[in-house]
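> Sequence first, then the predicted structure, then my questions.
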Amino acid sequence: MIKKSILLAAVATVGFVGVAEARDQIRIVGSSTVYPFTTVVAENFGKKTGNPTPVVESTGSGGGFKLFCAGLGVEHPDFTNASRAIKSSEIETCASNGVEAITEMKVGYDGIVMANSKASAVLELTKEQIFLALAKDVPQDGQWVPNPYMNWSDIDPSLPDEKIEILGPPPTSGTRDAFLELVMEPGCEAFAECQDLSKDDFKARAFTLREDGGFVEAGENDNLIVQKLEANPAAVGIFGYSFLDQNMDKIQGAVIEGEAPTFENIASGAYPVSRPLFVYVKLAHMGVIPGMEEFLEEYTADAAWGPEGYLSDKGLIPMPDAERAAMREAVVGKVDNVN
Amino acid sequence: MTTNAGSVTTPKEKMRATLKHRYAAEKRFQAYGIAAILIALAMLVTLFVTIIGNGFTAFQQYTVHLDVTLYPQDIDPDGTGDPEVLSKANYQSAVNDAMYALFPEATDRQARRAVRELISPGANYVIRDMVMDDPSLVGQRISVRVPLASEYDQVLKGNVDPVVDFTAFKEGSTSVDWSLSPEERLISEKQADYLQQLIRQGEVEASFNRWFFTNGDSRQPELAGIWGAAVGSMFTLMVTLALSFPIGVSAAVYLEEFAPKNRLTDIIEVNINNLAAVPSIVFGLLGLAVFLQFFGMPRSAPLVGGLVLTLMTLPTIIIASRAALKSVPPSIREAALGVGASKLQCIFHHVLPLAMPGMLTGTIIGMAQALGETAPLLMIGMVAFVVDIPGSPLDPATVMPVQIYLWSDSPERAFTERTSAAIMCLLGFLILMNAAAVLLRKRFERRW
């Protein structure tokens, strides 16, 4: 009996490997920030067209590019989500593996918010204040000293007399990269000491976060951060706008540079901490993997990424009408050229 | 020996004095033990209370009763009954018309949008699936229950503010706490008005959430289900069982009964014991390198997941099986050999059947471990959004613990209760498997 089942298992394994070639469903990898949006499109695409629903993996932007650029063929993904633009080094990797024709599709914007529990007062912060609250070393009278600010009121008397306790994403996260670039960089530049630094030193100063307990890496799970904020009214969390949008009864977004993180403010560009989200398309797979064109059409339809579309219900901040139209033309037009 | 002044140290008294100490030490030790058990129990109870408290509401779903008229000219104009035509037909307008019929006074665009949003955006697919099952429904007026949109469902269940009391709402009270400012609320007063109208018409009802048990994953919480992940788990475990049980048992039998005792077998034994303690993500990396990159197997397939989990459970099964073989008394072997059985006959006819309950227990515990594993599956692409229910071990699939992880990371509030409900399902499975292990042991165990 045992002999038979070993034989059976061996035969089955070999047999399975043999048929593992063709693929009829789209495969998407990439950013966990774009994941909630791409999955909705994937689901609607599958239900509307009757094609198999695309499989979407959440690997992070960097991990996504790694898989996406690994080569051409059915074992490699067709799209990758990214919460940042592709880097030149990644383009090179892509090219060296034969993935040369790729198209960048901007799908909308995402705001990064700093939020705290409703039990506390709404924070009103500037980028300089956030820099002083988060940096490992801060400039003081021309010197760089380890961050001495323990309470918000130490930074500015108008801020609450509460301990600085900020929960944020780990270094692997695209949200963290964007936050450093959009807040910490300009926050540091406001100080004369920063402007004197060389480029490398500047990065080290501006992008190194404190490790004395003022900043806590809270993992990639934003729901967990929301729960911690609820339990600890003094804590402040950094995460994507869609989590604020869904938890308005528990938490409130901090006003940054005089602008509150509302849908309208992020859409109009008034709220300073927002970044574009992208989906990259592997053009060589067009026509090989069925449904890629229709998937792009579904993504770029007004019913999806428009101001009234289902993606905006999920918290994606839509691009202005003209930009959307141009992007749709560029992406769907390119599709037409390939075929 | 130094003694304190006044104390007498005859051996007997010395013994008495230490006896008191020894009794006290025993009492203390018992107290520590009881405290440890109480702490463990308290944690377990807290865990269960939170999970069940959060999750039990997910087994119910507020639904809306709709009378939908399926006009043939909209759905299947040529009357072909072709599944292709039926699956691509537009059911949304039929659903919309049914909703508008409940709110005749909502005529402007905004009001109609609000009315449409009361029910799940996937309601049309619920109807499509009904028509696909029974094409004769086209042209009829059907009565169907579709899920209420998850925001309203959560409000009625009291999971988010403003909490709305269903019965009070039905009786006409508007006892809703509007103390939160408009942008803080998941639903507006206007939306609550529509909801109340719908409830007062008697169209809303809490019913068993069958979608949770029959659907695959979805980004609409009210339509998201555990079935896709459960099937994925079953395929994965089937592959794991089919490979790890025979391989594990054969390895154990060979090592225990046939292998010579030398350096090589010692090294193998140490390695097997070490492998049992290797972090599971390592097996995932191995699976990625070997099965995906070298053999070119498909990503996200339960087949590959099963192979990776086989590697992970093999040491557990081999160790348990060897222990089971060891516990078969030598007298059995000697008796069999004594009446002229060959070594193979002795093992297969006598030793193996007696060791089987122990081997099965080890296997089931290994399987239960595999059922709860997510880390190795991350590397081979099974941590993914998969809507379609897998039909074979080669289709992309995910497994139950991964589904729990993905839901726990979703922004929609209604996924909180579904996460807990999925945990309850997974725990149910695990309890069943462990119960089976205990039962097998009780049933077939022999004592000597």
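Here it is on my side, so go on.
> Just say helix, strand or coil for residue B:67.
Remark: residue B:67 carries the secondary structure label strand [criterion: DSSP: H, G, I helix; E, B strand; the rest coil].
> show me the contacts for the nearest residue to it once chain neighbours are set aside.
Excluding the flanking residues, the one nearest residue B:67 by Cβ to Cβ, 6 or more residues apart in numbering or on different chains is residue B:143, at 5.5 Å. All C-beta atoms are positioned from the backbone trio N, CA, C, and that covers glycine. Counting by Cβ atoms under 8 Å, 6 or more residues apart in numbering or on different chains, residue B:143 touches B:65-68.
> in its sheet, what does the strand or helix carrying residue B:143 sit against?
Per DSSP states H and E: residue B:143 is located in strand B:141-147. Sheet partners assigned to strand B:141-147 using DSSP bridges are listed as strand B:60-69 (antiparallel).
> who's in contact with the following helix or strand past the strand it pairs with?
Following strand B:60-69 in sequence order, the next helix or strand is helix B:72-75 (DSSP H and E). Helix B:72-75 has contacts (Cβ under 8 Å, 6+ apart) with B:79, B:86, B:89-91, B:93-94, B:131, B:138-139.
> what about the strands in the stretch 1-150 of chain A?
Assigned by DSSP state E, counting those that start in this stretch, the stretch 1-150 of chain A shows strands spanning A:27-30, A:55-57, A:79-82, A:102-117, A:124-125, A:137-140, A:143-146.
> Dump the ones you listed to CSV, plus distance to chain B, mean neighbour count and mean pLDDT.
As requested, the strands of the stretch 1-150 of chain A are arranged in CSV below (distance: least, Cβ to the nearest Cβ, whole Å; neighbours: other Cβ atoms under 10 Å in any protein chain shown; pLDDT from 0 to 100):
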stretch, distance to chain B, mean neighbour count, mean pLDDT
strand A:27-30, 7, 29, 93
strand A:55-57, 4, 28, 93
strand A:79-82, 11, 30, 93
strand A:102-117, 12, 22, 91
strand A:124-125, 17, 19, 91
strand A:137-140, 33, 18, 86
strand A:143-146, 34, 11, 86
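> which stretch among those comes nearest residue B:225?
Proximity to residue B:225 (Cβ to Cβ) singles out strand A:55-57 among the strands of the stretch 1-150 of chain A, at 17.0 Å.
> sorry, back to before: near chain A, which of the contacts of helix B:72-75 show up?
By Cβ under 8 Å from any Cβ of the partner chain, no member of the contacts of helix B:72-75 lies near chain A.
> May I see the ChimeraX selection of the buried members of these?
Applied in ChimeraX, the following selects the buried portion of the contacts of helix B:72-75 according to 16 or more other Cβ atoms under 10 Å in any protein chain shown:
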select /B:86,89,91,94,131,138
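> Which ones among the contacts of helix B:72-75 lie within helices?
Among the contacts of helix B:72-75, the ones falling in helices (DSSP state H) are B:86, B:93-94, B:131.
> Tell me which two in those residues are the farthest apart.
B:86 and B:93 (15.3 Å).
> And the contacts of stretch A:56-71?
Contacts for stretch A:56-71 (Cβ under 8 Å, 6+ apart): A:27-33, A:35, A:38-39, A:42, A:76-77, A:79-84, A:86-87, A:90, A:93-94, A:97-99, A:172-174, A:280, A:282, B:300, B:381, B:383-385, B:406.
> which of the contacts of helix B:72-75 has the weakest pLDDT?
In terms of pLDDT, residue B:79 ranks lowest among the contacts of helix B:72-75, with 73.
> where's the nearest residue to that residue once chain neighbours are set aside relative to residue B:100, distance?
Of all residues not flanking residue B:79 in the chain, residue B:72 sits nearest, at 6.4 Å (Cβ to Cβ, 6+ apart). Separation of residue B:72 from residue B:100 (Cβ to Cβ, to the nearest Å): 20 Å.
> buried ones in stretch B:109-123?
B:114-123.
> I meant stretch B:428-439, not that one.
Burial within stretch B:428-439, assessed by neighbour count using 16+ other Cβ under 10 Å, is assigned to B:429-430, B:433, B:437.
> ditto for stretch B:126-140
Of the residues in stretch B:126-140, those buried (16+ other Cβ under 10 Å) are B:126-128, B:131, B:135, B:137-138.
> For that stretch, give me every contacting residue.
B:68-72, B:75-76, B:81, B:83, B:86-87, B:89, B:91, B:94-95, B:120, B:142, B:144, B:146-147, B:223.
> Can you get me the start-to-end distance on it?
16 Å (Cα to Cα, to the nearest Å).
> Cross-check the contact I'm expecting between residue A:22 and residue A:75.
No: counting by Cβ atoms under 8 Å, residue A:22 does not reach residue A:75; the two are 11.3 Å apart.
> These two: which has the busier surroundings?
Ranked by neighbour count (other Cβ atoms under 10 Å in any protein chain shown), residue A:22 and residue A:75 place residue A:75 first, with 18 against 7.
> Show residues contacting the helix or strand of chain B with the lowest mean pLDDT.
Within chain B, confidence by mean pLDDT, DSSP states H and E is lowest for helix B:166-170 among all helices and strands, at a mean of 73. Here helix B:166-170 makes contact (Cβ under 8 Å, 6+ apart) with B:156, B:175, B:195-196, B:199-200, B:202, B:204, B:206.
> Could you pull out the buried residues of it?
B:166, B:169.
> export it as PDB, just CAs?
C-alpha atoms of helix B:166-170 as PDB (Å, rounded to 0.1, in the frame of the first residue of the first chain):
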ATOM      1  CA  PHE B 166     -32.600  47.700  14.400                       C
ATOM      2  CA  THR B 167     -35.800  47.200  16.400                       C
ATOM      3  CA  ALA B 168     -36.000  50.800  17.600                       C
ATOM      4  CA  PHE B 169     -35.400  51.900  14.100                       C
ATOM      5  CA  LYS B 170     -38.100  49.700  12.800                       C
END
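> is the helix or strand just after it up against chain A anywhere?
Per DSSP H and E, helix B:166-170 leads on to helix B:189-200 as the next helix or strand towards the C-terminus. No: Helix B:189-200 lies out of reach of chain A by Cβ under 8 Å from any Cβ, never closer than 13.4 Å.
> got the buried residues for helix B:189-200?
Neighbour-count burial for helix B:189-200 flags B:191-192, B:194-199 (criterion: 16+ other Cβ under 10 Å).
> What does the pLDDT read for residue 277?
By default, I'm working from chain A. Residue A:277 is given a pLDDT of 92.
> Wait, chain B was what I had in mind.
Among the per-residue scores, residue B:277 holds a pLDDT of 88.
> Quickly find the element holding it.
Judged by DSSP H and E, residue B:277 forms part of no helix or strand.
> and residue B:384, backbone torsions?
Per-residue torsions, residue B:384: phi -150, psi 160 (degrees, to the nearest 10).
> any idea how far chain A is from it?
Residue B:384 sits 4 Å away from chain A, going by Cβ to the nearest Cβ, to the nearest Å.
> sorry, back to before: export the buried residues of helix B:189-200 as JSON lines, with columns for distance to residue B:365 and pLDDT.
Formatted as JSON lines, these follow (distance: Cβ to Cβ, whole Å; pLDDT from 0 to 100):
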{"residue": "B:191", "distance to residue B:365": "50", "pLDDT": "78"}
{"residue": "B:192", "distance to residue B:365": "51", "pLDDT": "79"}
{"residue": "B:194", "distance to residue B:365": "53", "pLDDT": "83"}
{"residue": "B:195", "distance to residue B:365": "49", "pLDDT": "84"}
{"residue": "B:196", "distance to residue B:365": "53", "pLDDT": "82"}
{"residue": "B:197", "distance to residue B:365": "55", "pLDDT": "82"}
{"residue": "B:198", "distance to residue B:365": "50", "pLDDT": "85"}
{"residue": "B:199", "distance to residue B:365": "49", "pLDDT": "85"}
